[in-house]
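1. Provide a 3D model corresponding to the input given below.
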Amino acid sequence: EVQLVESGGGLVHSGGSLRLSCAASGFSFGSSDMSWVRQAPGEGPEWISGIRSGGGVTMYDGSVKGRFTISRDNAKNTVYLQMSSLKPEDTAVYYCNAHRDGFYYLTFYSWGRGTQVTVSS
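-> The predicted model follows:
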């Protein structure tokens, strides 16, 4: 069973930083491409960043490029999202997941509970 446990969220002032973590189990993490997706209140899910299984390729949505950095530690089955220069519009629940059908397809496994990030102005 795929299990994803996100952590590291919280309340931060505009311009601040947070580091999110996602501990994964129940699948071959080291062979899986991973992404972070967020959902703001009243909005649909928004893909924001992905990383290939080996960690050598990363991608970002334009809204976070230059401010967020995705990374992974395959020995720890964990993917990270370092967030800097946070803005109020980054307020959302953040989720990680594994790509089910390949890196360029936004199809994922069952979602974890996510971690809340709130950025005050």
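2. list the contacts of the one residue sitting closest to the centre of the chain.
-> For the chain, the residue nearest the mean C-alpha position is residue 36 (2.5 Å; CA atoms, centre = their mean). Residues near residue 36 by CB atoms under 8 Å, 6 or more residues apart in numbering: 20, 22, 47-50, 70, 79, 81, 94-96. To be clear about C-beta, it is placed using only N, CA and C from the backbone, and glycine gets the same treatment.
3. now do residue 7
-> Going by CB under 8 Å, 6+ apart, the list of residues near residue 7 reads 20-23, 115.
4. hmm, back to that, is the residue nearest to the centre of the chain in a bridge, and if so with what?
-> residue 49, residue 96 (DSSP bridges).
5. and residue 20, by the same measure?
-> Beta-bridge partners, per DSSP bridges, of residue 20: residue 81.
6. from here on, count from 39
-> Let's use 39 as the start, then, which means that last one is residue 58.
7. verify the contact between it and residue 150 for me.
-> No: if you go by CB atoms under 8 Å, residue 58 and residue 150 don't touch, sitting 11.7 Å apart.
8. fine, thanks again, bye for now.
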